[in-house]
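[1] Task: produce atomic coordinates for the following.
(2 chains)
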Amino acid sequence: MYREYLTVSNIVGPLVIVEKIRDVAYGELVEIESGDGQLRRGTVLDVSTERAIVQVFEGTVGLDIRQSRVRFLGRTQQLGVSPEMLGRIFDGSGRPKDGGPPVIPEKKLDIQGNPINPEARDYPSEFIQTGVSAIDGMNPLVRGQKLPLFSGSGLPHARLAAQIARQATVLGKEEKFAVVFAAMGITFEEAHFFINDFRRTGALERAVLFLNLANEPPIERIATPRLALTCAEYLAFDLEMHVLVIMVDMTFYAEALREISAARKEIPGRRGYPGYLYTDLATIYERAGRLKGKKGSITLIPILTMPEDDKTHPIADLTGYITEGQIMLSRELHRQGIYPPIDVLPSLSRLKDKGIGEGKTRKDHADVLNQLFAAYARGKEARELALILGEAALSDLDRLYLSFSDDFEKRFVRQGEHQTRSIEETLELGWELLRGLPRQELKRIRPEFLDEFYPQEKTPS
Amino acid sequence: MSQPKVIRVAGPLVVAAGCWGARMYDMVRVGHLGLVGEIIELREDLAYIQVYEDTTGVGPGEPVVLTGQPLSVELGPGLLGSIYDGIQRPLDLIRAQGGDFVPRGIEVPALDRQKKWTFQPQVSQGDMVQEGDILGLVQETPLIAHRILVPEGVAGQVVTIKEGDFSLDEPVAKIATSQGELALKLYQVWPVRRNRRVKSRLMPDEPLITGQRVLDTLFPLAKGGTACVPGPFGSGKTVVQHQLAKWSDSQIIVFVACGERGNEVADLLLSFPELTDPYSGRPLMERTVIIANTSNMPVAAREASIYTGMTIAEYFRDMGYSVALMADSTSRWAEALREISGRMEEMPGEEGYPAYLASRVAEFYERAGKVICLGSDNREGALSVIGAVSPPGGDLSDPVVQATLKVVKVFWALDDRLANRRHFPAINWLLSYSLYVDNMKHYWEKEVAEEFAGLRQEAIKLLAEEAELLEIARLVGLESLSPRERMVLETARSIREDFLHQNAFHPVDTFSSLRQQYLMLRTIIHFHHLGLAALDKEVDLELIINLPVREAIAKMKYWQDEAELLAVYVQVETEFKKLSQKEGGSSWPEESQVITGKINDEGEADVS
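    Here you go, the predicted structure:
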């Protein structure tokens, strides 16, 4: 049996300090029994010959120094995985939350995981059609990519994420597909929205949900995304499924990390977040990807709400450095009633180049994408100019660009929440808008594509 | 002496007791798993160790083994084409032994001990040799002859030297030194944190040709120089670095992917073997070494990775090669320093970075340079360093950026606003600078054209003027500008869109020779001069900017053929001539008469 310690000396925030310990290892899983018999779990953050600092997942409310019994379990936190997990809902520590029986594990996996050997990685190159023009056309997502949604409070990121989960397909292929959903600190209502949406569309059968809600212990959130990714790795690389992982909201995760860091009195980095936030986020995000010779893949869409819509905030900033681009939601578009309010200019998909073009989407995709970007950027400049000087001061060409950018937002970006546009439809819509501009303005498109696609007779459907 | 033991574990930092005799920066093996670590602080018998692997599961009481050696790299044949982690363990061997995920405590040799290399001596028995002399050659890849050097501190007479096939552990030569006979093998070992010595340093005076127009023409880097590429996320920094690795005319490329994305490293690892070297047609990997330590791999190994890369780069420089080292990104390295410093509870400096940040950064870049290598033949070698920084929020006041700008000579300011407008490479022409321009002038005059430096200066002037004019136009409207000023705007736009904009993924546009760059710029500037002259003759600006030749100018970047490129220049002259004839019938300047005659028959009808 495990040695039991009654030697708790300090309780500080989410941390418990245990004295006079023996044979304790860094990262070990810990069980703490409070005076009233309640069990909590934690992990060792710092260990020396005299004492160990334990971070308690469920929080330290109600713990006391004299009666708490601490057991070190001699192993790291693990998740029992099995195919039975599909269709189930778990709490933020991986216990069933849907009233169903516990999962009988096929194997147990360390939730920290090991880093993927870069040599073993296969480069993501399969286009995922999300059916959303602003993503497919302008910032295409590929399998194995990690592409966050940068949002703000009050923006419809949840609806968009659910739409992507619902509609995402790989062209011309019928393959095993699963969604793993990790919620950190979101409200019951938001969680309910996802569960309902998954249930209504039948997606729940191929989904695994890990929910840590706003009223549940913040420290548990540290483990939640790792549980989800461990599960995703099992589904992807053992069961050969294509897994889409949605994590919401990374901001709350980072805040939980800050809470622990503050309790340990560590030297804070920017805005009080610990100096290792980058490394920590990387160990989560970098678990997305594809492996050579393995069928499955993990595609990751973390969602984060930027405080005050500030994309230089450390969480957004560091996320952007690790992920392969970002989809940026815009409050301005949202106010204009445009759904999805994706601002394509600051959005970016870094892996798009390998995922589009002949044989993947269409040969003219890259050129059309670049041209739409350039024209929209120019149109927005013209709009700014018109705000200052009045529309009359614009040149004819600028006026054309101005109306292009209006059309772009109202027809290309905007679409229904349940509307799927095929990539063909998206590109055709792009051409339809581009035909409003004179041919010599379309410098980003190769002449042969202009010859083929620019002529007006190609009437849109 | 008692066995050293772990007494504390906190993330990547481990404290061990009983380490009498341990030296700073010696390598150690920690715990039952034998995790690799390095001593970064000593307090009496306590050694503070940064561990290059995840320490989960390690606890007090576990043994620590002192190796007595500093963290070192193995230098010898087999380096080229290798892909290493931060402490020079080959990733393919790790994968073969440990699977798709990197396990802990794995031990694999950096260089293949089995493989036989064909060694051709360059010295004979009885010759006197000194440190840095070339003992012989191993044709490591068809592109690169690996020069086997006499190690530092060794001098004497060659007793025996063998020719033939040898593995790394077999001695190939014996030297009689003042301390006795010494057997030399094909490889040597060098501590990563110590510079490799050179005979003397030279001023960099030759450009590193990258094929990127904005870099080569506007902001050139010298061979042996240092450059810094900052970039907020999404500004295309990584693509620029990949382009440099692919196209720059260095003989050896060392690429350190330091704390970067796994998928991007995968792209690098998958795309490099497929790339051919534009200068020789051989696979690019034959002259490349990659150090890959992704952001989720252990933080301490990230700290070491740039030193590993630098030492390997210096080794090839010492052979007399021109080497380019790219580190992407040094901010991740600095963050690793900060993270470890934080765990050591050191007093933080700015933004939590340790106080020694600036001196570490300066030390790193100072290892670049054009040098005369050790050895009696006085060969020259060059090591250029291009470091990427990723300041948080794109804020250039970040301590890492500031520390870097103090030491580097070239600044390529990536700009996310340009990237948003899909202007790539998104290098801001107003903020970037190169302090090597004066050093380059001589080379340009000799190798490109007398007027090149002048054209470059004019292009920069036009771009600066454009920024001012746009500012004015924003306030008072475009109409209030004079035709001359509008012409400046048009030309500046042409420089931006037709010259500076370059598509890394277009088969031709991805690389632009200096000659092509010169011809393009010459044509654009010539158009500008003729345009101004035409304006003086009261030709309408609209007519000038709608000349059909402008479409040809826009396409020049897609052409390599010299005749085709030259024809555009001629076309510019022809069209302006016609324009002036149409307008007033006045004669055109003499200079262009000769060439225009050649193509007079064509394009008669299409003047708008």
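[2] Going by length in residues, pull out the top helix of chain A.
    helix A:365-389 (DSSP state H).
[3] How about the secondary structure of the residue in the stretch 201-350 of chain A that chain B sits nearest to?
    Nearest residue of the stretch 201-350 of chain A to chain B (CB to the nearest CB) works out as residue A:312 at 3.0 Å. Using the backbone N, CA and C atoms, a C-beta is placed for each residue, glycine as well. Using DSSP: H, G, I helix; E, B strand; the rest coil, the structure places residue A:312 in coil.
[4] tell me what the particular helix or strand that has residue B:365 in it is packed against?
    Per DSSP states H and E, residue B:365 falls inside helix B:357-366. Applying 3 or more CB pairs under 8 Å, 6 or more residues apart in numbering or on different chains; DSSP states H and E, one finds that helix B:357-366 makes contact with helix B:330-343, strand B:380-389, helix B:399-405.
[5] buried set for the first one?
    Put plainly, it is helix B:330-343. Within helix B:330-343, the residues that count as buried by 16 or more other CB atoms under 10 Å in any protein chain shown are B:330-343.
[6] what about the closest residue to residue A:139 other than its chain neighbours, neighbour count?
    Nearest residue to residue A:139 in three dimensions, chain neighbours excluded: residue A:349, at 4.0 Å (CB to CB, 6 or more residues apart in numbering or on different chains). Using other CB atoms under 10 Å in any protein chain shown, residue A:349 has 24 neighbouring residues.
[7] In contact with residue A:349, which residues?
    A:135, A:139, A:140, A:141, A:142, A:145, A:147, A:324, A:325, A:327 (CB atoms under 8 Å, 6 or more residues apart in numbering or on different chains).
[8] Which residue comes closest to the residue in the stretch 451-600 of chain B that chain A sits nearest to once chain neighbours are left out?
    Nearest residue of the stretch 451-600 of chain B to chain A, counting by CB to the nearest CB: residue B:477, 5.1 Å away. Excluding the flanking residues, the one nearest residue B:477 by CB to CB, 6+ apart is residue A:393, at 5.1 Å.
[9] again, but for residue B:105
    Residue B:105's closest residue in space is residue B:33 (CB to CB, 6+ apart), at 3.7 Å.
[10] Quick check: beta-bridge partners of the residue nearest to residue A:292 when sequence neighbours are not counted?
    In this structure, residue A:292 finds its nearest non-sequential neighbour in residue A:122, 4.6 Å apart by CB to CB, 6+ apart. Residue A:122 forms beta bridges with residue A:290, as assigned by DSSP bridges.
[11] what's the answer for residue B:323, then?
    Going by DSSP bridges, residue B:323 forms beta bridges with residue B:252, residue B:383.
[12] nearest spatial neighbour of residue 289, skipping sequence neighbours?
    Just going to use chain A. residue A:144 (4.8 Å).
[13] please go with chain B instead
    Counting by CB to CB, 6+ apart, the residue nearest residue B:289 is residue B:254, at 4.9 Å.
[14] List the contacts of that neighbour.
    B:288-291, B:309-310, B:312-313, B:316, B:323-326.
[15] And the chain, what are its domain boundaries?
    Here I'm looking at chain A. Annotated domains of chain A cover A:3-75, A:79-355, A:365-453 [automatic domain parsing].
[16] Chain B was what I was after
    According to automatic domain parsing, the domains of chain B span B:5-72, B:117-188, B:200-434, B:452-607.
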